[in-house]
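K.L.:
For reference, the sequence and a predicted model appear below.
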Amino acid sequence: MGIVVFGTVLTLVLHAPSAMSAFISAFSHFRVGRLPWLGLAAVLEAASLASAAMVQRQLLGAGRSVLPFPTLAGLTVASTSIGDLLPAGAAPATGWMVEQYRLRRVPTALAL
């Protein structure tokens, strides 16, 4: 299923004239010597998301609600993705996160 979605998106992007030039431009700057920087960026991004999950865990713990770290890490990644992908993404990401907390029996006042 994921391959079909990826292929469809890639096909749409590559057929849009302005998107095609942006796609070519992005890869024209690629050099093999820059791959270590990509690895460093991935490690730092993972550390950033893990830090955000730990902060959420501490805040929920202060309100006497405990959620496991893997759950919070998944919610953090998903919420960040929603925030990055949608227009004015912070609002829908926040609403989605509050609903996820409520589904996990976090009091509404604490979820907000």
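P.N.:
Right, received. Where do you want to start?

K.L.:
Buried ones in stretch 78-89, by neighbour count?
P.N.:
79, 80, 82, 83 (16 or more other C-beta atoms under 10 Å). To be clear about C-beta, it is placed using only N, CA and C from the backbone, and glycine gets the same treatment.

K.L.:
now, which of the residues you listed sits nearest residue 34?
P.N.:
Here the nearest of those to residue 34, counting by C-beta to C-beta, is residue 80; it sits at 24.2 Å.

K.L.:
confidence score at that closest one?
P.N.:
As summarised for this prediction, residue 80 has a pLDDT of 93.

K.L.:
my guess is it contacts residue 50, does it?
P.N.:
No: between residue 80 and residue 50 no contact is recorded; they are 11.9 Å apart, counting by C-beta atoms under 8 Å.

K.L.:
model confidence over stretch 39-56, on average?
P.N.:
So the average pLDDT for stretch 39-56 ends up being 95.

K.L.:
what separates it from the chain centre, distance-wise?
P.N.:
Here the centre of mass of C-alpha atoms in stretch 39-56, compared against the chain's by C-alpha atoms, centre = their mean, to the nearest Å, lies 11 Å away.

K.L.:
Can you say which helix or strand has residue 67 in it?
P.N.:
Using DSSP states H and E, residue 67 sits in no helix or strand.

K.L.:
Could you check how far it is from residue 105?
P.N.:
As defined by C-beta to C-beta, to the nearest Å, residue 67 lies at a distance of 9 Å from residue 105.

K.L.:
Between the two, tell me which one has more neighbours.
P.N.:
The residue with more neighbours, out of residue 67 and residue 105 and counting by other C-beta atoms under 10 Å, is residue 67; that gives 18 against 9.
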